[in-house]
Every structure is written in C-alpha cells, then in structure tokens.
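Engineer: I would like to see how this sequence folds:
(one chain, ligands or ions: 1)
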Amino acid sequence: MISPVLPTYNRAPIAFVSGAGSWLTAEDGTRYLDLGAGIAVNALGHAHPDLVATLTEQAAKLWHVSNLYRIPEQERLATMLVDRTFADTVFFTNSGTEACELAIKMTRKYWYDKGEARTEIIAFEGAFHGRSTGAIAAAGAEKMVKGFGPLMPGFRQLPWGDHDALRAAITTDTAAVIIEPIQGEGGIRTLPDACLKGLRDLCDTTGTLIIFDEVQCGVGRTGKLFAHEWSGIAPDIMMVAKGIGGGFPLGAVLATENAASGMTPGTHGSTYGGNPLGCAVGAKVLDLIDDAFLAQVSQKAARFRQGLEGLVASHPAIFDSVRGQGLMLGLKCRVPPTDVVKAAYAQHLLTVPAADNVLRLLPALNIPDTDITEAIARLDRAATALAA
Ligand code: PLP
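Structural biologist: Next comes the predicted model:
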C-alpha cells in the first residue's frame with residue numbers, strides 16, 4: 001500500500017523535532033550535528049533568535065496579502081537586493097524551481113519583444129535547476145526526464161567547463177545561457193573565474209543573456225553575497241532561493257532593467273510569492289549577512305577545508321580530494337558517498353550526497369569553530385568505521 005506521503009524520496013529513518021544553531025534533535029532525543037542545513041537552506045542555522053523574533057513579530061501583524069496591493073516588506077527586500085547586486089528589479093517566488101520558470105519566461109519574452117526568433121537556451125551537463133517540466137528540460141539529465149516527455153523544447157546541454165564547446169555553441173541565435181556558478185547537485189563542481197569571464201565575453205558579442213542559478217551557491221555561501229562576484233562579472237538574470245529565506249520558503253529572480261523589459265503587468269504572477277511573512281524574514285537574513293559576516297564565512301571555510309584536507313590525507317581509501325568554495329564544500333569519495341552519509345548518521349552527523357561521487361558539506365554559515373572541529377572528528381570516525 002502506498003504511504004500517505006507520496007514516496008518520491010528515499011528517506012532516512014530519522015525525524016527531527018527541534019533545532020538550534022548547527023544542531024538538530026531527533027524524536028528519541030539524540031542530537032545530530034547538521035552539515036546539510038536543509039541542503040543549503042538554513043544559512044543562519046536553526047531557530048536563529050533574530051529570525052524567530054522577526055517571523056513572530058510579522059506573524060502577529062500580517063501574514064499574507066495579494067500582489068494586487070503594494071507590499072512594503074517586499075519593496076524593502078527588493079530594494080536591499082537591488083542595492084547589493086547587479087540587478088535593477090526583483091520578482092519573489094516560493095522556490096528555486098519557480099525562479100527557474102520565470103527566468104525561462106523572461107528570456108523568451110525578451111527575444112519575442114525584440115522580434116527575434118531566439119529560443120535556444122544553453123545549459124550544462126550535471127546541472128540542477130528544479131523539478132518543474134521547464135527545469136528538468138533545461139538540465140536534461142536522464143534520471144530527471146525519463147518518463148516525463150514530451151519535454152519542453154529549446155534547451156541544449158554542453159559539457160561542464162568545456163570552453164571550446166561553449167564558443168562553438170553560442171551564436172547570435174542563442175537566447176540565453178543558464179548556469180550554476182558552482183554546480184551543487186552535480187557534485188560541487190566549480191569553474192575557473194576565467195570561464196565565467198569568457199562566457200560573459202561570448203554573450204556580450206552575441207547579445208545572449210546570462211542566467212545565473214545561485215539557488216544553492218548564493219546568499220553568502222561562498223563568502224561573497226553571491227558566488228559570481230568572485231569572477232568580477234555579472235549576469236543579466238539570477239535565480240535565488242534556499243538561503244535567502246533562512247528556512248522560510250522564499251525565492252527570487254533578480255534582473256537588469258533590460259533583461260526584464262518584457263515582463264509587463266499581466267505577464268507573470270504568484271499568489272504567495274513575496275508575501276509579508278517571507279519578505280520580512282528575507283530582509284532580516286540579508287541584514288545579518290553583512291560584510292563582516294561574509295568575512296567570517298571565509299575564515300570558517302578555510303578552517304573547515306583544512307580539516308577536510310587532513311581527512312583526505314588520513315583516509316586515502318575513503319576520500320580522494322576536497323572541492324568547492326567557501327562553505328559549499330565537497331569531499332570526492334573513493335567509496336559511494338551514500339555509504340559515507342550512512343556511516344556519518346552512526347556518528348550523529350548529517351551530510352548530503354551529490355553526483356560525481358561527492359559528499360556535500362553545506363553547514364550553517366555561522367557554524368561555530370568548535371562545531372567545525374567536532375564535525376571533522378565525527379567524519380574521521382565515520383571514515384575509520386567504513387574502512388574497517
Ligand atoms: N537550482 C539549484 C542550483 C538548486 O540546487 C535547486 C534545489 O536544490 C533548485 C534550483 C530548485 O530549488 P527548489 O527546490 O527550491 O525548487
């Protein structure tokens with residue numbers, strides 16, 4: 001008999017009842033050190049007192065009003081994002097997937113309004129942009145699209161990090177390129193800054209729009225507010241979600257005035273997107289992730305990385321190498337990463353597997369140094385148990 005919850009996940013037999021900082025407490029009272037943060041969502045840890053206060057304060061005032069009216073909390077958060085990024089305008093969604101849908105629609109409308117028949121969007125192998133029909137068509141991976149055809153047309157996937165393939169593919173017929181500056185689900189795969197700069201040059205030459213998917217790598221995770229800032233170039237459109245709500249379902253599409261020019265009244269909408277509750281929390285998250293906070297992310301990342309390098313050296317049969325940027329870290333494994341995830345459960349440590357045989361470590365961005373030390377010790381014990 002089918003379970004009351006549609007069985008699309010292979011769930012671990014653990015249920016959590018509360019959280020504080022980088023720790024989660026299970027039903028039986030066991031405390032787990034959380035290096036997954038809800039897959040890069042709980043950027044400020046669990047039950048951050050300022051977020052709890054903001055949420056409860058706003059909940060006592062106003063949860064939801066329609067986008068038929070002005071929403072001051074939404075305007076405030078949009079202004080904060082515009083002030084701190086390349087963008088001129090923002091649309092709020094409830095998730096990264098919805099942000100992907102709007103990014104696709106915005107691109108298509110842009111070229112339609114220009115009277116150009118550009119519909120092809122270039123994406124990359126290993127990408128993950130969400131689970132909607134549009135997002136799976138964009139990523140194109142067999143495991144996501146099989147059985148769900150016919151797929152939305154207009155996407156093509158190129159190998160990751162192959163600049164020659166990119167140069168050959170981008171023409172004056174290319175509508176947009178959609179890319180995660182660091183692939184998350186694909187295995188914490190980074191790109192040299194020169195690749196993103198080269199992409200910007202190619203797109204500037206052909207007029208092609210760039211869509212950055214910063215759903216997983218954005219909002220402070222790499223030590224900059226957005227990961228692409230390390231490369232010194234900017235996109236035309238950017239998808240954001242996960243960390244921006246600190247655990248409240250919130251996403252956004254940021255865009256330049258030019259890229260957003262087709263999105264006139266009536267062309268897009270959302271019942272819940274940008275509601276006062278979500279936007280109040282999002283604004284508090286951004287308030288807290290200031291320059292001093294970002295500098296600390298980089299310090300913590302250096303400490304974490306050093307610990308992980310030590311694990312690679314002491315467990316060469318289990319771990320191959322360390323990858324990633326900031327607190328978006330990956331351990332390339334020599335055993336199935338799901339085995340490491342299970343061994344880590346036994347040490348009451350939460351990690352997340354990814355493709356490319358990688359174990360993902362996406363802790364809260366404010367994880368205390370003592371918890372980093374504890375995490376490395378628990379991973380060490382998990383690897384020792386696996387090797388035995
Ligand atoms: N894009 C990236 C890079 C993601 O990592 C995810 C989720 O993991 C998504 C899009 C989809 O976001 P959501 O699950 O909020 O719809």
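
Engineer: could you use CA atoms for every contact and neighbour count after this?
Structural biologist: Noted.

Engineer: so what's the nearest residue to residue 356 once chain neighbours are set aside up against?
Structural biologist: Among residues not flanking residue 356 along the chain, residue 187 sits closest, at 5.2 Å (CA to CA, 6 or more residues apart in numbering). Residues counted as contacts of residue 187 (CA atoms under 8 Å, 6 or more residues apart in numbering) are 126, 330, 354, 355, 356, 357, 358, 359, 360.

Engineer: let's see it at 6 Å
Structural biologist: 354, 355, 356, 358 (CA atoms under 6 Å, 6 or more residues apart in numbering).

Engineer: what backbone torsions are found at it?
Structural biologist: Dihedral angles of residue 187 (phi, psi; degrees, to the nearest 10) stand at phi 120, psi 40.

Engineer: just the contacts of residue 187: which are in strands?
Structural biologist: Among those, the residues falling in strands (DSSP state E) are 354, 358.

Engineer: for the contacts of residue 187, pick the one with the most neighbours.
Structural biologist: Highest neighbour count within the contacts of residue 187, by other CA atoms under 10 Å: residue 358, with 31 neighbours.

Engineer: who touches stretch 24-38?
Structural biologist: 15-19, 22-23, 348-352, 361-364.

Engineer: let's go with 7 Å and repeat that
Structural biologist: For stretch 24-38, contacts defined as CA atoms under 7 Å, 6 or more residues apart in numbering pick out 14-19, 22-23, 43, 45, 348-352, 361-364.

Engineer: show me what from the stretch 101-250 of the chain comes close to the ligand.
Structural biologist: By CA under 6 Å from any ligand atom, the residues of the stretch 101-250 of the chain that approach the ligand are 128, 129, 130, 180, 184, 213, 214, 215, 216, 241, 242.

Engineer: could you redo the last one with a cut-off of 8 Å?
Structural biologist: Residues of the stretch 101-250 of the chain lying close to the ligand by CA under 8 Å from any ligand atom are 127-131, 135, 180, 183-185, 213-217, 239, 241-242, 249-250.

Engineer: ChimeraX command for the buried members of those residues?
Structural biologist: Buried residues among those (16 or more other CA atoms under 10 Å), as a ChimeraX selection:
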select :127,128,129,130,131,135,180,183,184,185,213,214,215,216,217,239,241,242,249,250
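
Engineer: which residues does residue 349 contact?
Structural biologist: 32, 33, 34, 378 are the contacts of residue 349 under CA under 7 Å, 6+ apart.

Engineer: bridge partners for it, pull those for me.
Structural biologist: residue 33 (DSSP bridges).

Engineer: burial of residue 14, as a residue count?
Structural biologist: Neighbour number of residue 14 under other CA under 10 Å is 12.

Engineer: kindly apply the preceding question to residue 39 instead.
Structural biologist: Residues near residue 39, counting by other CA under 10 Å: 20.

Engineer: secondary structure class for it?
Structural biologist: Here residue 39 is recorded as helix under DSSP: H, G, I helix; E, B strand; the rest coil.

Engineer: list the contacts of it.
Structural biologist: Counting by CA under 7 Å, 6+ apart, residue 39 has contacts residue 362.

Engineer: if we ignore the residues flanking it in sequence, what's nearest residue 376?
Structural biologist: residue 307 (6.1 Å).

Engineer: helix or strand: which one has the one you found?
Structural biologist: helix 291-314 (DSSP states H and E).

Engineer: list the buried residues in that helix.
Structural biologist: Under 16+ other CA under 10 Å, the buried positions of helix 291-314 are 293-294, 297-301, 304-305, 307-309, 311-312.

Engineer: repeat that for stretch 246-264.
Structural biologist: 246-256, 259-260, 262-263.

Engineer: compute the inter-axis angle for the helix or strand hosting residue 286 and helix 291-314.
Structural biologist: Residue 286 is located in helix 276-288, with elements delineated by DSSP H and E. Going by axes from the mean of the first three to the mean of the last three CA atoms, to 10 degrees, helix 276-288 is angled at 80 degrees with respect to helix 291-314.

Engineer: in helix 276-288, what counts as buried?
Structural biologist: Neighbour counts over helix 276-288 (16+ other CA under 10 Å) mark 276, 277, 278, 279, 280, 281, 282, 283, 284, 285, 286 as buried.

Engineer: ok, the second one to the ligand distance?
Structural biologist: When distances are taken as CA to the nearest ligand atom, to the nearest Å, residue 277 and the ligand turn out to be 17 Å apart.

Engineer: tell me the pLDDT of the residue lying closest to that residue once chain neighbours are set aside.
Structural biologist: Distance criterion CA to CA, 6+ apart; nearest residue to residue 277, sequence neighbours excluded, is residue 63 at 5.1 Å. Per-residue pLDDT puts residue 63 at 98.

Engineer: next one: residue 22
Structural biologist: pLDDT, residue 22: 98.

Engineer: what does it show for phi and psi?
Structural biologist: phi -90, psi 20.
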